[in-house]
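**Student:** Sequence first, predicted coordinates after that:
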Amino acid sequence: MTPPGGANVADEMRRLMPRDRWLIDLLGQHRVFTTEQINTLAFNNLHTARNRLILLNQRGFLARFRDAIRPGSQQWRWTLDLFGEVYLASRDDQPTPKFSTIRAKINKLAASPRLAHLINVNDLFVDLIGHARTTSGAALSQWWSEAACRNLTGDLIRPDGYGDWTEHGRRITFWFEQDQGTEKTHHVIGKLDGYDAFLRASGRRDAILFRLVSPRAEKAFRTRLAEHPAVAGGRLLVATTGGSQHHPAAAIWQPATTTQRVRLAELADHYPA
């Protein structure tokens, strides 16, 4: 693909609607969304979402890719194209990116072995935003990407994301860990050492959410979770769920030291003393 022939970038940017700008900003932070995720984030009709995305693609703001699968077809994956990157660079007073650099970035993302993991991570936060759009008193007021988390946490922890969620008067801040079933259980448990060190260094009080690849994986994880000194000692609030078939705002989260599953916001009632 080449930039639209003769297109004036400034004129194209002035044609952007507020929703377009918001979506471009989100993609700048979180890199990739599926068509259905974008519909959940910003639209009320999948057909309308598709039409707008195709238009933004034709105008050079968004790029799309997907793998060939049989039978059926995979959802399009959307990321920023040249004009989307130029818009963000202009807004933030940064150097104008080169077309070749952006194409290499898109190709690298499309071929990344971590693409499915990134989409699954984004899915949790997208679902929360979608829930907040239709639920009075619910809000995801903060959503940090893995890169944004590292700006605060350094090398002590490497969460997949961070969220600040409020619903029905309860507020919970959390670090999110998405398990794809590629790591040994003891490696995943070992991440809690870093969270414990970070808590001691920062004084922060955030929940740590682990979404395991299946209920079976969650069960195996939990057999060792409650034995971790920082959990058993009441320093860390850790909650788990298995699989992604249920909504993340719902009662799917089980704190490490209980047998009850609660809503995400209700984890605020389980903070260590």
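**Tutor:** Received it, and whenever you're ready, just let me know what you need. Residues are numbered from 1 along each chain as shown.

**Student:** Would you map the strands across the protein?
**Tutor:** Secondary structure of the chain (DSSP state E): strands at 33-34, 62-65, 77-80, 139-144, 161-167, 170-178, 207-212, 238-242, 254-255.

**Student:** Dump the second one to CSV, restricted to CA.
**Tutor:** The reference is to strand 62-65. Written as CSV, here are the backbone C-alpha positions of strand 62-65 (Å, rounded to 0.1, in the frame of the first residue of the first chain):
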residue,chain,number,x,y,z
LEU,A,62,-6.0,2.8,9.7
ALA,A,63,-4.4,-0.3,8.3
ARG,A,64,-5.9,-3.8,8.5
PHE,A,65,-4.8,-7.4,8.3
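
**Student:** Point out the other elements, helices or strands, that it touches.
**Tutor:** helix 46-58, strand 77-80, helix 99-111 (3 or more CB pairs under 8 Å, 6 or more residues apart in numbering; DSSP states H and E). For every residue, glycine as well, the C-beta is placed using N, CA and C.

**Student:** List the strands paired with it, with their directions.
**Tutor:** strand 77-80 (antiparallel) (DSSP bridges).

**Student:** Let me know the pLDDT of P3.
**Tutor:** Per-residue confidence (pLDDT) for P3: 50.

**Student:** now do the one 3 residues further on
**Tutor:** The confidence metric pLDDT takes the value 42 at G6.

**Student:** about what we covered before: distance to I119, mean neighbour count and mean pLDDT added to the helices and strands packed on strand 62-65, as JSON lines?
**Tutor:** Shown next, in JSON lines, are these (distance: least, CB to CB, whole Å; neighbours: other CB atoms under 10 Å; pLDDT from 0 to 100):
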{"stretch": "helix 46-58", "distance to I119": "16", "mean neighbour count": "15", "mean pLDDT": "97"}
{"stretch": "strand 77-80", "distance to I119": "7", "mean neighbour count": "24", "mean pLDDT": "98"}
{"stretch": "helix 99-111", "distance to I119": "11", "mean neighbour count": "14", "mean pLDDT": "96"}
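
**Student:** Would you tell me which of those gets closest to A250?
**Tutor:** Closest approach to A250 among these is made by helix 46-58 (22.4 Å; CB to CB).

**Student:** export that closest one as PDB, just CAs?
**Tutor:** The C-alpha coordinates for helix 46-58 follow below in PDB (Å, rounded to 0.1, in the frame of the first residue of the first chain):
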ATOM      1  CA  LEU A  46     -21.400  -3.500  13.700                       C
ATOM      2  CA  HIS A  47     -22.400  -2.500  10.200                       C
ATOM      3  CA  THR A  48     -21.800   1.200  11.000                       C
ATOM      4  CA  ALA A  49     -18.500   0.400  12.600                       C
ATOM      5  CA  ARG A  50     -17.300  -1.600   9.600                       C
ATOM      6  CA  ASN A  51     -18.300   1.200   7.200                       C
ATOM      7  CA  ARG A  52     -16.400   3.900   9.200                       C
ATOM      8  CA  LEU A  53     -13.300   1.600   9.600                       C
ATOM      9  CA  ILE A  54     -13.200   1.000   5.900                       C
ATOM     10  CA  LEU A  55     -13.400   4.700   5.200                       C
ATOM     11  CA  LEU A  56     -10.600   5.500   7.700                       C
ATOM     12  CA  ASN A  57      -8.600   2.700   6.000                       C
ATOM     13  CA  GLN A  58      -9.200   4.200   2.500                       C
END
